[in-house]
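Mind folding the following:
(3 chains)
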Amino acid sequence: MTDDRIARVLLKQEIEEFLYREADLLDERRYDEWLALLAEDARYWMPMRRNVKVDDREREFTREGRDISWFDEGKETLTRRVRQIQTGIHWAEEPVSRISHLLSNIQLLEVNPSPAEPAEVSVRCRFLVYRNRVETETDFLVGKREDLLRRIDGHWRIARRKILLDQNVLLSKNLTFFF
Amino acid sequence: MATTRIQGYRPGLVDVATGQISREIFVNDEIYQDELERVFARAWLFVGHESQIPSPGDFFVSSMGEESVILCRDRVGKVHVFLNSCRHRGMKVCRYDEGNAAVLTCPYHGWSYSTDGRLVGVPYFREAYHSTLDRSAWGLVEVAQLCLYKSSVWATWDPAAPPFLEYLGDFLPYIDLTLDAWDGSDGGTEILCGIQKWRVPCNWKFPAENFSGDSYHNISHRSVDLVGIGPSGSGRRDMPELNMARKLHIAFPERGHQTTSYLLPKEAAPPPAYQHSSVVSDYFRECEEARRKKQGDWGRMIALVGEVFPNTAFLARQPRTLAAWHPRGAHETEIWRCFLVDKSAPAEVKDFLRDYYIRYSGPGGMTEQDDMENWNYAHAASRGTIARRYPYSYEQGMGTAVDNYEWEGFRVPGTVCDLTQAKSSEHNLRNLYRRWAEFMEAESWDELTIWRRQRQAEAAE
Amino acid sequence: MSEPVNIRQIAPGTKIALVDGALAEVVSNPADGVWVFARYLSSPGDPSRVGGEEMIFAQDIVEIRE
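Got it, this is the predicted structure:
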């Protein structure tokens, strides 16, 4: 293999490990460590999805920064969400949920400037977020995620997360957790 | 409690005289079936907003009770609401959430309807029907009455229901506090694109009661109050003017509508709010001043939450939303929430509000999440055989409401319970269920238009 | 039996041959895949239809002629 291809394989492995580690932090409720993985200017966006005619496909997703979405926010609001869970009296997450993030179909979409010297990586995956709460409350949330990861001071940080949930009417009563 | 043919909702199940209401009305499947007929098939229901269907052919699929309806604007611009079910074999004619269409065509056998509801396309009309099918008799089922009020769209299936404005009565100006622009301009609002729709496992009356003015449940929002999501970064809301206002429960006993609103003092400049950005804080300050100037004493009124009987709620300011509690069986509710901004507001103001709305309301909303947890498990824990034997308590503030409430020269319409000292009451909640019980008992709208009978009696005297 | 045609995207001005031998020109297309609005150019079975505009059912369209 050429050096460039080897670099790409190694990079993909590194990114996968980063994403799996991140999922562990969430599933182990190590929220402060998770927040530390977010770039200061991180954006976190989860549009709503509409049933539209085949010719109107561009209107399937609500638009970032213009329409109402399930989430459309930055690190400040995400931090407040974590703090709310940590109060111990956020009743929608107390008792806390049991959550597992399953990630698959991981693909590097874009690497800048190069796999050998990566500064920014755009990566796509599928997610299955399983949530079980209290006694029998169970949610399966499946969809696609597109992350922009940025290397800051030698560490990967999440600069942008786009979450495309495969649901129309949300079948969960709340979204008190992170994708 | 026996569930066979319920006799006497008021003394048996809804006893507002003692402030006790049976859990049966929330968890009983038979009562729920009656409710669909007696409440949802008769009352005025919120369907949508004209800003969702600006052009001819535009449609938005909405819901009335359990049923899907199509809100659409026909080729000449007239607004209609149709049952979303083909007259031939019942197939859902439109399975898109929104769009634009020249005709609405059923995918099953191909019956096709114009946007004014007429049946215009019947496959093999000549061959199979020998051109004898009376197409004029088989148009889409249309609501009995429709009302466009300040761009909001309301409909009822009952031709005998009073017109919408009469149905609202003196509650009307309170919903203006959500539908008018912040500066008081008539209907100067629009809906932000994107309607949140989600399912909550509870009876629809839990959210209806909450938005009628449950002034007692603040404690359940303590976590969000602690972390702060308000427009200026702390608390849930940013309304310092409320500290100098009278906090009021305002109810309309004949109609079942109610609101928690605040009456500001006669002479008081609005204190600073929305301090994160000068564009936003200037906008709201100027709007507030303009509204006070335009509306005089009424401009002192600030609505917090309210409920139009039976299942439409508003939050008037922070955030500004309209919600419908669509029943999906006795034990599940589909919430549809839309968010309003001033049409003419600067982009920065709209952006600011949108961010705030999303972090406040809906399934991702840091406030509403805790509400839904309460509704979910209040419902679940009330379903048991033993649990059903014990009524809920609605005894707060009984006997304290007055119907000639006045403060600093302004007489407030409605029966009013002043919560400024009392902190909380259940006046509005009793009002909701009193009206609900009347709907469940009444055989006709003649019995429900209590105000007409009173007017007739007065005229006779 | 001719091959089924997808009429969803046929443009106004397109000529369509119908199962009864008539020829029509598409006036507008609601893009529902079931109907088009068309004007009869010829109709051997019922000449009175010529010049008239009707909704034409997809299963009655046997061929698209440019």
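
name the helices or strands packed onto the longest strand belonging to chain B?
Ranked by residue count, the top strand of chain B under DSSP state E comes out as strand B:333-342. With contacts taken as 3 or more CB pairs under 8 Å, 6 or more residues apart in numbering or on different chains; DSSP states H and E, strand B:333-342 sits against strand B:58-64, strand B:189-191, strand B:196-200, helix B:205-213, strand B:321-327, helix B:347-360. C-beta here means a position set from N, CA and C on the backbone, and glycine is covered the same way.

just checking, what packs against the shortest one?
If you count contacts as 3+ CB pairs under 8 Å, 6+ apart, strand B:189-191 packs onto strand B:333-342.

A:Ile163: how many residues sit nearby?
22 (other CB atoms under 10 Å in any protein chain shown).

Domain parsing of chain B, as residue ranges.
B:45-145, B:170-453 (automatic domain parsing).

weakest of those in terms of mean pLDDT?
Lowest mean pLDDT within these: domain B:170-453, a mean of 94.

just to revisit the earlier point, restricting the selection to alpha carbons, write the longest strand of chain B to PDB.
Taking Å, rounded to 0.1, in the frame of the first residue of the first chain, the C-alpha atoms of strand B:333-342 are listed here in PDB:
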ATOM      1  CA  THR B 333     -51.500  11.800  23.500                       C
ATOM      2  CA  GLU B 334     -49.800  13.200  20.400                       C
ATOM      3  CA  ILE B 335     -48.600  16.700  21.100                       C
ATOM      4  CA  TRP B 336     -48.300  19.100  18.100                       C
ATOM      5  CA  ARG B 337     -46.500  22.300  19.000                       C
ATOM      6  CA  CYS B 338     -45.900  25.300  16.800                       C
ATOM      7  CA  PHE B 339     -43.900  28.400  17.600                       C
ATOM      8  CA  LEU B 340     -44.800  31.900  16.800                       C
ATOM      9  CA  VAL B 341     -42.700  35.000  16.000                       C
ATOM     10  CA  ASP B 342     -43.600  38.500  14.800                       C
END
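
That one versus strand B:196-200: what angle between them?
Relative orientation of strand B:333-342 versus strand B:196-200 (axes from the mean of the first three to the mean of the last three CA atoms, to 10 degrees): 150 degrees.

what are the pairing partners of strand B:333-342, and which direction each?
If you go by DSSP bridges, strand B:333-342 pairs up with strand B:189-191 (antiparallel), strand B:196-200 (antiparallel), strand B:321-327 (antiparallel).

residues of it that come out buried?
B:333-342 (16 or more other CB atoms under 10 Å in any protein chain shown).

Switch the residues you listed over to TSV; also include distance to B:His217.
Shown next, in TSV, are those (distance: CB to CB, whole Å):
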residue	distance to B:His217
B:Thr333	17
B:Glu334	22
B:Ile335	17
B:Trp336	22
B:Arg337	18
B:Cys338	23
B:Phe339	22
B:Leu340	24
B:Val341	27
B:Asp342	30
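
quick check, nearest of the residues you listed to chain C?
B:Trp336 (26.3 Å; CB to the nearest CB).

Mind listing the residues bridging to that closest one?
Beta-bridge partners of B:Trp336, as defined by DSSP bridges: B:Lys197, B:Ala324.

Then the one 5 residues further on?
Each beta-bridge partner of B:Val341 is listed here: B:Glu190, as defined by DSSP bridges.

Touching, B:Val120 and B:Ser112? I think so.
Yes. Because the distance of 5.8 Å satisfies CB atoms under 8 Å, B:Val120 is recorded as touching B:Ser112.

now the residue of chain C found nearest chain A, what's its secondary structure?
Relative to chain A, the nearest point of chain C is C:Ala31 (6.6 Å; CB to the nearest CB). Look at C:Ala31: counting by DSSP: H, G, I helix; E, B strand; the rest coil, its state is coil.
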